[in-house]
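Chemist: can you look at this prediction? I've put the sequence above it.
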Amino acid sequence: MSEDIPAHRYTAAVANEIERRWQDRWEAEDTFSSVNPAGPWGRPDDPRVAPGRPHLMVMDMFPYPSGAGLHVGHPLGFIATDVYCRFQRTTGTNVLHTMGFDAFGLPAEQYAVQTGQHPRTTTEANMVGYRAQLRRLGMGHERRRGFATIDPDYYRWTQWIFTQIYESWYDTEALRDSGERGRARPIGELVAQFASGERRTPGGQPWDELTPVEQSRVLDDYRLAYVSSAPVNWAPGLGTVVSNEEVTNEGLTERGDFPVFRRNLSQWMMRITAYADRLVDDLDRLDWPERVKAMQRNWIGRSTGAMVRFATAAPGAEIEVFTTRPDTLFGATFMVLAPEHPLLEQLVPPDWPSGVPASWTAGAPDPRSAVETYQRHASMKSDLERQSDTRSKSGVFTGAFATNPVNGAALPVFVADYVLMGYGTGAIMAVPGQDERDWDFAQAYGLPIVRTVQPPEGHPEDEAFVGDGPAINSANETVSLDGMGVEQAKETIVAWLTEHGTGAPTVTYRLRDWLFSRQRYWGEPFPVLWDADGVAHAVPDAMLPVELPEVPDYSPRTFDPHDAESMPEAPLARASDWLEVELDLGDGRGVQTYRRDTNTMPNWAGSCWYHLRYLDPANTQLPVDPEVERYWIGPRERPVAGAPDGARDPGGVDLYIGGVEHAVLHLLYARFWHKVLYDLGYLSSEEPFRRLINQGMVEAYVYRDSRGQPVPAHEVVEVADPEGGTPTHTWQGQVVTQEHGKMGKSLKNVVTPDEMCEQYGADTFRVYEMSMGPLEQYRPWETRAVVGSQRFLQRLWRNVVDEETGEPRVVEAPLSDELSRTLHRTIEGVRADYEAIRFNTAIAKMIELNNALTKLEAVPRAAAEPLVQMVAPVAPHLAEELWSRLGHAQSLAFAPFPQADPAWLVQESVTCVVQVKGKVRDRIQVAADIDETALRDLALGTERIQQLLGGVEPRTVIVRAPKLVNIVPA
């Protein structure tokens with residue numbers, strides 16, 4: 001220790017020593033364990049689970065254990081949940097807070113492909129490093145509840161849940177406990193309905209006359225998990241299907257920049273669309289950010305309109321179109337099908353009709369050639385690129401026509417990539433007069449334009465009108481919409497379509513069933529066995545988990561990146577000893593030869609239900625004991641704030657914190673799985689996450705050289721302007737630009753929490769991150785500003801500990817009235833801020849109190865101890881150390897939070913501003929509870945005001961007790 005620095009000063013070195021010591025003790029004493037009322041860890045006699053005792057489950061979004069580890073932006077939400085949980089424990093609450101790892105994923109698999117090292121080896125090493133970083137930050141996670149999705153004991157239950165979904169169907173007429181209709185039921189109940197004749201089979205044949213294969217095909221059309229040929233993103237260069245989110249705007253894979261093609265492939269699907277209405281409607285019962293709710297609603301895309309049928313010359317080939325504007329049907333002048341539309345096989349004639357404009361044919365000799373060429377080009381574009389408003393519309397005539405049901409007009413049918421198979425029916429009636437995209441297409445191909453809504457005066461003649469107005473040009477011999485408003489016209493034409501058998505009112509959704517297959521190794525194997533007839537059988541519960549086998553090569557078979565006709569071949573297909581098995585499934589068929597499914601589940605699977613396993617991770621009979629689930633996340637007596645009148649509380653995790661980037665898919669998928677398990681009777685809660693907060697992103701400066709390339713931020717030098725203007729920045733002598741951006745390895749601006757802990761200590765880092773602003777806001781990282789948080793903790797240390805001796809320096813002295821008032825107001829304010837997750841303002845209040853103590857010659861114990869307790873959630877190591885040095889043998893992790901004395905919260909006096917004609921002329925001290933009459937008399941009676949009024953009674957006196965009197969002279 002330097003001679004200039006006292007031996008017991010709170011330095012980074014002292015902080016690190018203290019922090020390691022307390023982390024060891026917390027781990028040894030299992031300080032942060034919570035109690036279950038039942039199940040393997042049940043302790044029903046423990047007072048923490050006594051009736052009436054509060055309990056709370058708090059979660060962070062499942063982290064992926066990247067080899068790069070944490071940067072300072074990652075722990076923001078983790079620290080926030082830790083602070084909140086530490087505070088809640090001091091209120092007597094039984095708190096469940098743990099963390100596991102979403103450990104299946106493409107990065108580890110790609111590393112395995114490159115190096116030959118098993119993905120588990122890589123992933124487990126990453127988890128060791130990740131846990132060490134979290135431990136160093138002082139996370140109060142309950143270690144015994146943690147797990148990783150790659151643990152066979154965990155994915156056994158992921159597979160079990162899959163089998164429950166597979167063995168279920170959605171009965172739209174079945175009643176739920178709420179009295180509403182629609183819920184999942186076991187597939188066996190559907191079989192019983194078919195067998196008894198209560199429900200007719202689709203073909204009308206008696207159930208027992210169908211072969212087992214035919215019965216299987218019938219049931220597959222009902223199951224919530226099923227195999228279907230679906231359009232997918234196929235990347236031959238990667239050898240796997242990728243999700244929409246893994247495709248760039250350029251139609252390339254996010255990882256590797258390989259071309260992506262839209263292909264119809266046989267894949268596992270989840271019938272999430274059956275839950276579309278519940279997924280939308282139940283958002284109203286959740287305490288979630290409105291923007292997240294809006295994102296989910298938009299993703300589901302519920303629309304009310306009409307399904308309209310257009311006849312064609314091809315036998316049995318009607319084109320169905322969903323439209324939200326059936327009132328514009330008279331303005332339909334052509335039709336457009338998505339390049340993937342299955343009707344194209346039937347519709348396209350062998351030859352071009354006579355008189356077809358050359359611009360419609362793309363120079364092809366026949367319609368089939370034109371359509372197939374266009375389909376190939378369209379398959380290389382992403383959905384985002386195809387829907388871009390900035391690109392010119394392209395398409396090709398199919399050679400076919402459809403009949404407009406309201407006027408008999410022959411509408412040319414085009415194929416164009418701005419129509420997506422994933423939305424609506426994959427077909428549109430094009431109304432160029434009322435749609436900008438259709439207008440652009442009509443202009444490009446010389447197609448007619450008929451307006452069916454009267455534009456307002458002055459609307460440009462060369463633009464579509466997309467607003468509302470009276471209907472025009474919309475009549476036939478039996479119906480006229482002319483002059484009607486939009487809603488009346490819709491209602492009238494839908495009734496006409498229904499009467500004539502060419503349409504019906506319909507609700508449709510943008511949401512499509514969930515593509516659930518991946519041609520990868522590092523994922524959960526499907527618990528499915530295929531028999532010789534191609535019928536799938538769920539693996540019996542007793543045979544779970546189906547574990548991943550060893551394989552000679554972790555990579556799927558790859559192809560020429562441009563070979564759009566190639567077919568996936570997953571790594572598991574090479575595990576011959578694992579692939580084919582002889583088993584007796586206990587279904588009366590005896591020993592049979594089966595083939596395992598060679599796909600694996602997507603990495604979303606494990607994160608769909610991990611909140612449930614946190615509750616009861618040692619349970620070997622069920623994913624979670626029903627009593628344990630009901631205790632921790634069952635419905636509450638009161639619904640969340642803002643829920644509709646009469647709404648039932650859906651239950652769920654009390655607080656879930658994570659990034660907004662998971663606002664749609666992860667949350668939507670988890671809600672779907674949770675609702676299925678609720679319907680099947682395994683859960684009492686209807687939703688997984690009752691309250692959600694999205695933490696803001698930590699941004700950092702990015703520095704770029706003259707080429708626009710990022711340079712290492714820590715090597716950049718700031719050069720002051722001698723004139724006092726804006727400083728410049730240089731790197732290796734050259735001027736660089738400065739901009740705000742994300743923190744990331746590619747931008748060379750990463751700051752790690754390890755660095756911060758080494759330089760300042762974990763508590764300083766925690767205080768800084770929590771003091772940067774409201775949790776939800778984005779905030780710029782500034783390493784130099786961390787020293788402010790360090791000074792706060794150093795002053796607190798000096799107020800309690802003598803830097804020369806290391807002994808406590810507090811005194812057993814009473815508090816002055818002023819200090820008592822300050823202390824109790826701080827206690828009241830900090831408690832309210834912790835409860836409301838306003839950690840930045842809580843820290844500001846504690847700094848103010850600490851500064852007041854600093855001004856005293858000696859700090860009274862009665863003020864020091866409550867301040868240490870208030871600081872404990874944000875700076876737990878320092879607080880534990882000070883608490884110990886103040887003579888307490890027990891950890892303060894559960895010490896009751898200080899209580900504010902109401903007597904000291906009363907404001908004895910306040911300053912009242914007295915204005916004359918709006919200008920401040922005097923100030924007086926008055927009682928905080930003074931009434932308006934007394935305050936008026938006091939203000940008018942002061943010497944200063946008497947002089948200004950000159951003895952004349954004022955015209956008006958406005959009183960806002962206790963802080964303002966405004967006088968208007970006569």
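Modeler: That came through, no problem.
Chemist: give me the buried positions along stretch 844-858.
Modeler: For stretch 844-858, burial by neighbour count (16 or more other CB atoms under 10 Å) applies to K845, M846, I847, L849, N850, A852, L853. To be clear about C-beta, it is placed using only N, CA and C from the backbone, and glycine gets the same treatment.
Chemist: pLDDT on that stretch, on average?
Modeler: The pLDDT scores in stretch 844-858 average 96.
Chemist: roughly how far is it from the heart of the chain?
Modeler: Here stretch 844-858 is found 41 Å from its chain centre; the criterion is CA atoms, centre = their mean, to the nearest Å.
Chemist: which residues sit against that stretch?
Modeler: Stretch 844-858 is contacted from outside by 771, 792, 795-796, 798-799, 809-811, 813, 819, 822-823, 826, 829-830, 833, 859, 863-864, 867, 870-871, using CB atoms under 8 Å, 6 or more residues apart in numbering.
Chemist: mind checking which of the buried residues of stretch 844-858 are in helices?
Modeler: Cross-referencing the buried residues of stretch 844-858 against helices under DSSP state H gives K845, M846, I847, L849, N850, A852, L853.
Chemist: quick revisit: TSV for the buried residues of stretch 844-858, including distance to R262?
Modeler: Shown next, in TSV, are the buried residues of stretch 844-858 (distance: CB to CB, whole Å):
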residue	distance to R262
K845	57
M846	57
I847	58
L849	63
N850	62
A852	67
L853	67
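Chemist: what two of those residues are the furthest from one another?
Modeler: The most widely separated members of the buried residues of stretch 844-858, counting by CB to CB, are K845 and L853 (13.1 Å).
Chemist: what separates stretch 488-499 from the chain centre, distance-wise?
Modeler: Averaging C-alpha positions (CA atoms, centre = their mean) puts stretch 488-499 40 Å from its chain's average.
Chemist: then stretch 521-530?
Modeler: Centroid separation for stretch 521-530 versus its chain: 26 Å, with CA atoms, centre = their mean.
Chemist: following the chain past the helix or strand of the chain with the lowest mean pLDDT, name the next helix or strand.
Modeler: Averaged element by element with mean pLDDT, DSSP states H and E, the chain has its least confident helix or strand at helix 383-387 (a mean of 67). Heading C-terminal from helix 383-387, the first helix or strand you meet, by DSSP states H and E, is strand 395-403.
Chemist: so what strands line up beside that following strand?
Modeler: Note on strand 395-403: by DSSP bridges, its sheet partners are strand 303-312 (antiparallel), strand 410-416 (antiparallel).
Chemist: most packed of these?
Modeler: Among the strands paired with strand 395-403, the stretch with the highest mean neighbour count (mean count of other CB atoms under 10 Å) is strand 410-416, at a mean of 22.
Chemist: pLDDT averaged over that one - what is it?
Modeler: 97.
Chemist: now swap in stretch 668-678 and tell me
Modeler: For stretch 668-678, mean pLDDT rounds to 98.
Chemist: the residue nearest to A402 when sequence neighbours are not counted and V406: what is the separation?
Modeler: With CB to CB, 6 or more residues apart in numbering as the criterion, A402 has its nearest non-adjacent residue at 4.0 Å, and that residue is F310. Applying CB to CB, to the nearest Å, the value for F310 to V406 is 10 Å.
Chemist: can you check F334 too?
Modeler: Note on F334: its distance to V406, by CB to CB, is 15 Å.
Chemist: quick one: low-confidence parts of this protein?
Modeler: Scanning the chain for pLDDT under 70 picks out 1-3, 244-245, 382-385, 387-392, 422.
Chemist: and the residue of it positioned farthest from its centre, how far is that from L938?
Modeler: In the chain, the greatest distance from the average C-alpha position (CA atoms, centre = their mean) is reached by G951, at 68.3 Å. Using CB to CB, G951 is found at 18 Å from L938.
Chemist: likewise E818?
Modeler: Distance, E818 to L938, by CB to CB: 24 Å.
Chemist: tell me which element D277 is part of?
Modeler: Per DSSP H and E, D277 falls inside helix 276-281.
Chemist: and stretch 103-119, which residues are buried?
Modeler: Using 16+ other CB under 10 Å as the test for burial, stretch 103-119 gives 103-113, 118-119.
Chemist: hang on, the earlier thing: compare E818 and L938 and say which is more crowded by neighbours.
Modeler: Ranked by neighbour count (other CB atoms under 10 Å), E818 and L938 place L938 first, with 18 against 9.
Chemist: can you report phi and psi for the more buried one?
Modeler: L938 adopts backbone torsions of phi -60, psi -40, taken as degrees, to the nearest 10.
Chemist: and stretch 30-42, how far apart are its ends?
Modeler: One end of stretch 30-42 sits 17 Å from the other (CA to CA, to the nearest Å).
Chemist: what does that stretch rub up against?
Modeler: Contact with stretch 30-42 is made by 25-26, 43-44, 46, 48-49, 85, 89, 94-97, 140-144, 615-616, 618-620, 624-625, 627-628, 631, 891, 893, as judged by CB under 8 Å, 6+ apart.
Chemist: if we go to 7 Å?
Modeler: Outside of stretch 30-42, the residues within contact range by CB atoms under 7 Å, 6 or more residues apart in numbering are 26, 43-44, 46, 48-49, 94-97, 140-142, 144, 616, 618-619, 625, 627-628, 631, 891, 893.
Chemist: one more: stretch 775-785?
Modeler: Contacts with stretch 775-785, where a contact means CB under 7 Å, 6+ apart, come from 72, 80, 693-700, 740, 743, 751, 772-773, 837, 839.
Chemist: hey, where'd the helices end up in the stretch 801-950 of the chain?
Modeler: Counting by DSSP state H, counting those that start in this stretch, the stretch 801-950 of the chain has helices at residues 817-835, 839-854, 861-871, 876-885, 932-941, 943-949.
Chemist: V959: which of these is closest?
Modeler: So among these, helix 932-941 is nearest, using CB to CB, at 4.4 Å.
Chemist: nearest spatial neighbour of Q117, skipping sequence neighbours?
Modeler: Per CB to CB, 6+ apart, closest to Q117 is Y111, 6.9 Å.
Chemist: double-check that that neighbour belongs to a helix.
Modeler: Yes - membership of Y111 in a helix is supported by DSSP: H, G, I helix; E, B strand; the rest coil.
Chemist: now, the contacts of stretch 30-42 that are in strands?
Modeler: N94, V95, L96, H97 (DSSP state E).
Chemist: now the second one: how far from P202?
Modeler: V95 sits at a distance of 52 Å from P202 (criterion: CB to CB).
Chemist: what is the nearest of the buried residues of stretch 844-858 to E569?
Modeler: The nearest member of these to E569, counting by CB to CB, is M846 at 61.1 Å.
Chemist: what's the helix or strand for A495?
Modeler: Here A495 sits within helix 486-499, counting by DSSP H and E.
Chemist: the inter-axis angle of that helix versus strand 303-312?
Modeler: Computed with axes from the mean of the first three to the mean of the last three CA atoms, to 10 degrees, the direction of helix 486-499 lies at 40 degrees from that of strand 303-312.
Chemist: and the contacts of helix 486-499?
Modeler: Helix 486-499 is contacted from outside by 306, 308, 326-327, 329, 405, 468, 471, 479, 481, 484, 503-505, using CB under 7 Å, 6+ apart.
Chemist: ok, now stretch 243-263?
Modeler: In this structure, residues lying in contact with stretch 243-263 by CB under 7 Å, 6+ apart are 106, 231-235, 237-238, 242, 340, 379-385, 561-562, 564.
Chemist: show me which residues of it are buried.
Modeler: S243, E246, V247, G251, L252, T253, F258, P259, V260, F261, R262, R263.
Chemist: doesn't W530 make contact with V539?
Modeler: No - applying CB atoms under 7 Å, one finds V539 not in contact with W530, separated by 11.3 Å.
Chemist: list the contacts of the closest residue to H459 other than its chain neighbours.
Modeler: Excluding the flanking residues, the one nearest H459 by CB to CB, 6+ apart is F465, at 5.6 Å. Residues near F465 by CB under 7 Å, 6+ apart: G433, Q434, R451, V453, P455, H459.
Chemist: again, but for I930
Modeler: Taking CB under 7 Å, 6+ apart, one finds A961, P962 in contact with I930.
Chemist: ok, the buried residues of stretch 103-119 vs D220, which is closest?
Modeler: D220 lies nearest to F104 out of the buried residues of stretch 103-119, by CB to CB, at 26.7 Å.
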